[in-house]
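S.K.: With the input below, show me the fold.
(2 chains)
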Amino acid sequence: MIKIFNTLSKKKEIFKSIQKGQVSIYVCGMTVYDFCHIGHARVMVIFDVVRRWLDFSGYKVNYVRNITDIDDKIIARSIQNNESIQSLTQRYIDEMNTDAKSLGVISPSREPKATEHIKDMLSIIQILIEKQHAYIAKNGDIFYSVRSFSEYGKLSGKSIEDLRAGERVDIDQNKHDELDFVLWKSAKPNEPNWDSPWGRGRPGWHIECSAMSSHYLGHHFDIHGGGQDLQFPHHENEIAQSEAAYECKMANYWMHNGFVRVDDEKMSKSLGNFFTIRMVLEQFDPEVVRFFILRAHYRSPLNYSNAHLDDAKLALQRLYVTLRGFKIENLEVDWSHPLALKFREAMDDDFNSSEAISVLFELANEINKNKSSTLANMLKSLGKIIGLLERDPEIFLKGDKKISLDINALISQRNEAKANKDFKEADRIRSLLLEHAVVLEDTPQGTIWRKE
RNA sequence: GGCGCGAUAGCAAAAUGGUUAUGCAGCGGCCUGCAAAGCCGUAGACGCCAGUUCGAUUCUGGCUCGCGCCUCCA
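M.R.: Next comes the predicted model:
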């Protein structure tokens, strides 16, 4: 029995899918005009684990994560770069996929692009106009009439009156009401545009998700996810569009992940305090980054710093050191084992990967005590379910970067020195290796090494 | 101004109305030529003030501080 914290009710609810044995998930993905940062990594990894856990739990998962490939920032960047929008967005889609792959994120079932669904957007807009939830303004833009949707604000807990009281800038004079948002922008010179019944133009920000989610998952689907910052206005507006157009509930469960922070401030493009995934991976193993993300609960804020990544690295090393030397072939888990059960209960309880990972350490302790290959097998199998511990421990522990020293030769020399009781020489060699971040371990089976 | 979230040991981070979270770091031991890894033991916590309760870190109220959304943002 899986429980999910639903933003709509602000409570954990028992998950029940619309169709037995199947789950439909829509997650708002990236706007592709730059490299992804660690905040994007968090969304990708968290919903990757959600889909993996649902899949593991026996559901057939249909997971859609969209790509926004047309918006103001993309247009601005394309002009700035003197690069076509098509080339710019494709370039960053490729970069995003590279990052996702290195973080162990399984590709979604579908990754639709906004520009491939203009027709779907136009048809919703048409319905909204017919149902008088949208209107054509004097300048040709089409706006959604927020006050026409009585449930507006139900996701984010905002009331229309409070919003009016807020400080808003640059109110578009074409709007009937300052809260209204744009569905379709009439064409402007030097901007990409598409044909529509109301003249050429391009879509507003929110309509693409209403269009694509209904296209791939239907008017009513199970889970809608994204970063906390999308709760308002983006997801609120999606609900307004979809539910007004189709007259049914859009998604049963809304999931929002917490922010990545830097020095207790939200990591964001506008603050400029972001670290791209690419930058971080220059210093840290991608699995360390994934582990770092999953070690915190998905709804909690996650403070980013090198020290915290170092900490995550040491922790993950412990698990791999534990796994070292075991031959693992069978990946079946014995779910009657108390620790396996504890892992499962943690994941069932709103995807508590933090608690689930703590179980991995409890297992590691048992394995180190008893050298149990059954438990080692369990450790690796549980890790695999959430996309961790899948590599050969030797490869993780030794790293894939070339080391300029001949480690094996130096180990032999040291062993010779040790045999001659020349401990000064033995320690000199060990220090030399340590300067290159190579740590030696003398075990009953001989001397082995790993990267620091 | 409106709405919401959080405050856990040196750091990070979960759960929980009474029983060891977990990882790193610390201390004492075992192992080792010495280390490393591992094991055993140990210390250290629930922002402040009230209330409910036999008992609260956990529930309720107030306060303080921090953060987020209300404008593009995962």
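S.K.: What segments of the stretch 151-300 of chain A are helices?
M.R.: A:160-165, A:207-217, A:236-246, A:277-283, A:286-294 (DSSP state H, counting those that start in this stretch).
S.K.: among those helices, which is nearest RNA strand B?
M.R.: Set against RNA strand B and scored by Cβ to the nearest atom of the strand, the helices of the stretch 151-300 of chain A come closest in helix A:160-165, at 3.0 Å. Yep, even glycine has a C-beta here, placed from its N, CA and C like the rest.
S.K.: what's the average pLDDT for that closest one?
M.R.: Average pLDDT, helix A:160-165: 78.
S.K.: got it, and stretch A:436-446?
M.R.: Taken as a whole, stretch A:436-446 has an average pLDDT of 93.
S.K.: residues of that stretch that come out buried?
M.R.: Buried residues in stretch A:436-446, counted by 16 or more other Cβ atoms under 10 Å: A:438, A:440.
S.K.: hmm, it touching RNA strand B?
M.R.: Yes. Stretch A:436-446 lies within reach of RNA strand B by Cβ under 7 Å from any atom of the strand, at A:439-443.
S.K.: Switch those over to JSON lines; also include secondary structure.
M.R.: Supplementary listing: the residues of stretch A:436-446 next to RNA strand B in JSON lines, determined by DSSP: H, G, I helix; E, B strand; the rest coil:
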{"residue": "A:Val439", "secondary structure": "strand"}
{"residue": "A:Leu440", "secondary structure": "strand"}
{"residue": "A:Glu441", "secondary structure": "strand"}
{"residue": "A:Asp442", "secondary structure": "strand"}
{"residue": "A:Thr443", "secondary structure": "strand"}
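S.K.: before we move on, the earlier item: possible to save the helices of the stretch 151-300 of chain A as a markdown table with distance to A:Gln132 and mean neighbour count?
M.R.: Below are the helices of the stretch 151-300 of chain A laid out as a markdown table (distance: least, Cβ to Cβ, whole Å; neighbours: other Cβ atoms under 10 Å):
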| stretch | distance to A:Gln132 | mean neighbour count |
| --- | --- | --- |
| helix A:160-165 | 18 | 11 |
| helix A:207-217 | 17 | 25 |
| helix A:236-246 | 9 | 24 |
| helix A:277-283 | 45 | 15 |
| helix A:286-294 | 44 | 24 |
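S.K.: wait, which of the ones you listed is closest to A:Asn190?
M.R.: Nearest of those to A:Asn190, taken as Cβ to Cβ: helix A:207-217 at 21.5 Å.
S.K.: Any part of the closest one near RNA strand B?
M.R.: No. Under the criterion of Cβ under 7 Å from any atom of the strand, helix A:207-217 makes no contact with RNA strand B; the nearest approach is 10.0 Å.
S.K.: Same question for stretch A:103-123.
M.R.: No. For stretch A:103-123, no contact with RNA strand B is found by Cβ under 7 Å from any atom of the strand; the gap never falls below 11.3 Å.
S.K.: Give the rounded mean pLDDT of that stretch.
M.R.: 98.
S.K.: next one: phi and psi at A:Ile106?
M.R.: phi -80, psi 140 (degrees, to the nearest 10).
S.K.: Tell me how far it lies from A:Asp120.
M.R.: Look at A:Ile106 and A:Asp120: by Cβ to Cβ, to the nearest Å, they are 26 Å apart.
S.K.: When those two are compared, which one has more neighbours?
M.R.: A:Asp120 (20 against 15; other Cβ atoms under 10 Å).
S.K.: what's the helix or strand for the more buried one?
M.R.: helix A:118-130 (DSSP states H and E).
S.K.: Pull the residues that contact that helix.
M.R.: A:114, A:134-136, A:142, A:144, A:183-184, A:194, A:196-197, A:203, A:207-208, A:210-212, A:214-215, A:241-242, A:244-246 (Cβ atoms under 8 Å, 6 or more residues apart in numbering).
S.K.: after it comes which helix or strand?
M.R.: Downstream of helix A:118-130, the next assigned helix or strand under DSSP H and E is strand A:134-136.
S.K.: gap between that following strand and the chain center?
M.R.: In this view, strand A:134-136 has its centroid 35 Å away from the chain centroid, taken as Cα atoms, centre = their mean, to the nearest Å.
S.K.: again with stretch A:271-290
M.R.: 13 Å.
S.K.: Stretch A:409-423: which residues count as buried?
M.R.: Across stretch A:409-423, burial judged by 16+ other Cβ under 10 Å covers A:410-411, A:414, A:417-418.
S.K.: Same check on stretch A:331-342?
M.R.: A:333, A:339-340, A:342.
S.K.: quick revisit: in TSV, list the helices of the stretch 151-300 of chain A along with distance to A:Gln80.
M.R.: Converted to TSV, the helices of the stretch 151-300 of chain A look like this (distance: least, Cβ to Cβ, whole Å):
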stretch	distance to A:Gln80
helix A:160-165	33
helix A:207-217	23
helix A:236-246	28
helix A:277-283	20
helix A:286-294	29
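S.K.: Quick check: phi and psi on the spatially closest residue to A:Glu366 that is not a sequence neighbour?
M.R.: Counting by Cβ to Cβ, 6 or more residues apart in numbering, A:Leu375 is the residue found nearest to A:Glu366 once chain neighbours are left out, at 5.4 Å. Phi and psi for A:Leu375, reported as degrees, to the nearest 10, are phi -70, psi -30.
S.K.: can you count the residues close to A:Leu375?
M.R.: Counted with other Cβ under 10 Å, A:Leu375 comes out at 23.
S.K.: ok, now which ones touch it?
M.R.: The contact partners of A:Leu375, by Cβ under 8 Å, 6+ apart, come to A:363, A:366-367.
S.K.: ok, and the most crowded of the residues you listed?
M.R.: Neighbour count (other Cβ under 10 Å) singles out A:Leu363 as the most crowded of those, with 25 neighbours.
S.K.: how close does the nearest residue to that residue once chain neighbours are set aside sit to RNA strand B?
M.R.: Spatial nearest neighbour of A:Leu363, chain neighbours left out: A:Leu379 (4.7 Å); criterion: Cβ to Cβ, 6+ apart. Using Cβ to the nearest atom of the strand, to the nearest Å, A:Leu379 is found at 12 Å from RNA strand B.
S.K.: check contacts around A:Leu379.
M.R.: Contacts of A:Leu379 by Cβ under 8 Å, 6+ apart are A:319, A:322-323, A:360, A:363-364, A:367, A:389.
S.K.: and if you look at A:His40?
M.R.: A:30, A:96, A:99, A:277.
S.K.: again, but for A:Gly227
M.R.: Contacts of A:Gly227 by Cβ under 8 Å, 6+ apart are A:28, A:39, A:42-43, A:256-257, A:259.
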